[in-house]
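Asks: predicted structure and sequence below. I'll ask about it afterward.
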Amino acid sequence: MNLKQHTITESVSITGQGLHTGEFVNVTLKPAAINHGIVFQRIDLENKPLVPALVDYVVDTSRSTVIEKDGGRVGTIEHLMSALAGLQIDNVLVEIDGPELPILDGSAFPFLELIEKAIPLEQNALRNYFSVPEAVHFKNEDKSIELVALPLDDYRLTVMVDFNSQILHSQHAQLHEISLYKEHIAPCRTFVFVHELEYLAKQGLIKGGDLSNAVVISETDLSQENIESLSTILNKKLVSDGKAGIMNDEKLKFHNEPARHKLLDLMGDLALIGRPLKAHILAARPGHASNIELAKLIKKQIAQKSSAAPYFDANAEPVFNVLDIAKLLPHRYPFQLVDKIMSLDGTTVVGIKNITMNEPQFTGHFPDNPVMPGVLQVEAIAQTGGVLVLTSTGEPEKYWPYLVGIENCRFYKNVLPGDSLVIRCTLLAPIRMGVAKMHGEAWVGKNMVCSVDMTARLVKKSN
């Protein structure tokens, strides 16, 4: 799995027809900055609204995944989102001049080839992985649907499908290494049963559907009248003996292609969490609605974790040790107040400051009652935030970090020798013109001892 964020090197475009609307649209993928995320833009609308690819903006999951914000609606995004997730692309602007992404061949493979043509580009920021700390369940007993995300220091997906069909039997699919996505998952096409086609056609949907972009399955033998009706719906003359089974000239690419396509969709929908996952996803009979419900539950877990005491593995190798930090920050004894950095991504940093009785401030603060001064707690938080801000530049040695503003500072509990401060700083907004606004917290165990909002400024060194 990629350690750092990725975008694309150059803009690339593709044209195609929407599955449901039948409209022909042009789609252009453009490079985007660190922490931009995947964002769609409806360039055909007057205000050209931006629609972040986040579960917060999902408005419909009945036949595909649809997002909308500020009047900009974009449908059938799951195949592109799956390709971006499969290639571990974090930051892209997707311009589109219509309401629905093209269906192309019904798989994610054309989008994957488009992204590869644009040449993925590594960026100088760590990916903001979310490691699922405990099991997250979604269950719909009425439809026998169950999805769960389990803790795992990797990303794996296992899908089981059962269509109650005599033709399409129970299947399962797995993706145990994301590097196998291109070969084993991306080429798998969407599929539809004949009885569903007839219903969708009557509803005015699948205007862009035909045998070139979907696997069509008949559960019963078809009369010549049925075949002619299907030919009209699909806008293509069917040559068929009328026997039940796959109606396409090209048969299944894999014996379990439908299950693999369900896994493809699941990856695309879970990408709407907005952060890459470390988890094992198990899904029985998944669909867009259930995928999105699981994504919402995981995002809720992320929110809960962000407000709880920051977690770190004391046995893990730090991102930066005390010597590495000395190369980043100008502070030295007795004012270097961060001992190690345990995690660092584009928006958040977690650092450790161990408090000992040997520190000089305890000579006078206070005799016989050593308490770490609040101003030094703030300084430790600021230095931890300084690591986040400096590393975002890609050239930390060329800048001085200055603390220029403190707001909403609160102290909740005394910090004493023997305590370990666990410090978390999070950017409140993207860094602009060298100015960074952050929220910082210091914790001892499960108790928050200090919180503060800070503004820092990066000043380029003169030499």
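Replies: Structure received. Note that this is a predicted model, so its numbers are computed, not measured.
Asks: for the rest of this, base every contact and every neighbour count on C-alpha atoms.
Replies: Fine.
Asks: ok, residue 69 touching residue 53?
Replies: No: between residue 69 and residue 53 there is no contact under C-alpha atoms under 8 Å: 10.1 Å.
Asks: run a quick neighbour tally on residue 58.
Replies: 20 (other C-alpha atoms under 10 Å).
Asks: any idea what sits nearest it, other than its immediate chain neighbours?
Replies: residue 67 (4.2 Å; C-alpha to C-alpha, 6 or more residues apart in numbering).
Asks: can you tell me the SS state at the one you found?
Replies: Following DSSP: H, G, I helix; E, B strand; the rest coil, we place residue 67 in the strand state.
Asks: ok, what's across the strand from it?
Replies: Beta bridges link residue 67 to residue 58, residue 74, judged by DSSP bridges.
Asks: surely it and residue 60 touch.
Replies: Yes: using C-alpha under 8 Å, residue 67 is in contact with residue 60, at 7.2 Å.
Asks: my read is residue 149 is in a helix, agree?
Replies: No: under the criterion used here (three-state DSSP), residue 149 is strand, not part of a helix.
Asks: the closest residue to it other than its chain neighbours and residue 177, how far apart?
Replies: Sequence neighbours aside, residue 281 is the residue nearest to residue 149 in space, at 4.6 Å (criterion: C-alpha to C-alpha, 6+ apart). Residue 281 sits 13 Å away from residue 177, going by C-alpha to C-alpha, to the nearest Å.
Asks: looking at residue 291 now. What's its pLDDT?
Replies: Per-residue pLDDT puts residue 291 at 98.
Asks: what helix or strand is it located in?
Replies: When elements are assigned from DSSP states H and E, residue 291 belongs to helix 288-306.
Asks: right, and the helix or strand after that helix?
Replies: Next along from helix 288-306, by DSSP H and E: helix 322-328.
Asks: tell me which helix or strand in the chain has the weakest average pLDDT.
Replies: helix 194-202 (a mean of 69; mean pLDDT, DSSP states H and E).
Asks: higher neighbour count, residue 281 and residue 177?
Replies: Taking other C-alpha under 10 Å, residue 281 and residue 177 do not tie; residue 281 has more neighbours (26 against 12).
Asks: kindly state the beta-bridge partners for the more buried one.
Replies: Assigned bridge partners for residue 281, using DSSP bridges, are residue 149, residue 157.
Asks: that one against residue 160, yeah?
Replies: No: between residue 281 and residue 160 there is no contact under C-alpha under 8 Å: 11.3 Å.
Asks: how would you label the residue lying closest to residue 437 once chain neighbours are set aside: helix, strand or coil?
Replies: Closest residue to residue 437 apart from its sequence neighbours, by C-alpha to C-alpha, 6+ apart: residue 455 at 4.5 Å. Here residue 455 is strand, with the state taken from three-state DSSP.
Asks: ok, residue 455 - contacts?
Replies: For residue 455, the contact set (C-alpha atoms under 8 Å, 6 or more residues apart in numbering) comprises 403-406, 435-438.
Asks: and the strands in the stretch 1-150 of the chain?
Replies: 4-8, 12-17, 24-31, 38-42, 50-52, 58-60, 66-69, 72-74, 92-96, 120-126, 130-131, 136-140, 145-151 (DSSP state E, counting those that start in this stretch).
Asks: check which helices and strands the first one sits against.
Replies: What that stands for is strand 4-8. For strand 4-8, the packing partners by 3 or more C-alpha pairs under 8 Å, 6 or more residues apart in numbering; DSSP states H and E come out as strand 24-31, strand 120-126.
Asks: what's the least confident stretch among these?
Replies: strand 120-126 (a mean of 88).
Asks: ok now it, how far from the chain's centre?
Replies: Relative to its chain's centre, strand 120-126 lies at 15 Å (C-alpha atoms, centre = their mean, to the nearest Å).
Asks: list the buried residues of stretch 212-228.
Replies: In terms of neighbour count (16 or more other C-alpha atoms under 10 Å), stretch 212-228 has its buried residues at 212-219, 222, 227-228.
Asks: start to end distance for it?
Replies: Length of stretch 212-228, first residue to last, C-alpha to C-alpha: 17 Å.
Asks: now stretch 49-60
Replies: One end of stretch 49-60 sits 18 Å from the other (C-alpha to C-alpha).
Asks: what's in contact with the helix or strand just after the least confident helix or strand of the chain?
Replies: Per DSSP H and E, helix 194-202 leads on to strand 215-218 as the next helix or strand towards the C-terminus. Strand 215-218 is contacted from outside by 167, 189-195, 244-248, 252, using C-alpha under 8 Å, 6+ apart.
Asks: cool, stretch 54-68 as well?
Replies: Contacts to stretch 54-68, defined as C-alpha under 8 Å, 6+ apart, come from residues 51, 53, 69, 73-78, 269, 271-274, 288-289, 292, 295-296.
Asks: just stretch 135-143 next, same as before
Replies: 145-151, 290, 293-294, 297-298.
Asks: now do 6 Å
Replies: 145-150, 294 (C-alpha atoms under 6 Å, 6 or more residues apart in numbering).
Asks: mind putting those residues in JSON lines, distance to residue 355, neighbour count and pLDDT included?
Replies: Below are those laid out as JSON lines (distance: C-alpha to C-alpha, whole Å; neighbours: other C-alpha atoms under 10 Å; pLDDT from 0 to 100):
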{"residue": "145", "distance to residue 355": "51", "neighbour count": "17", "pLDDT": "96"}
{"residue": "146", "distance to residue 355": "47", "neighbour count": "19", "pLDDT": "97"}
{"residue": "147", "distance to residue 355": "44", "neighbour count": "22", "pLDDT": "98"}
{"residue": "148", "distance to residue 355": "41", "neighbour count": "17", "pLDDT": "98"}
{"residue": "149", "distance to residue 355": "38", "neighbour count": "25", "pLDDT": "98"}
{"residue": "150", "distance to residue 355": "36", "neighbour count": "19", "pLDDT": "98"}
{"residue": "294", "distance to residue 355": "41", "neighbour count": "26", "pLDDT": "98"}
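Asks: of all these, which two lie farthest apart?
Replies: Maximum pairwise distance in those, criterion C-alpha to C-alpha, is 16.6 Å, between 145 and 150.
Asks: what ranges do the helices span in the stretch 351-463 of the chain?
Replies: 374-391 (DSSP state H, counting those that start in this stretch).
Asks: in it, where is pLDDT below threshold?
Replies: Counting by pLDDT under 70, the stretch 351-463 of the chain shows low-confidence ranges at 463.
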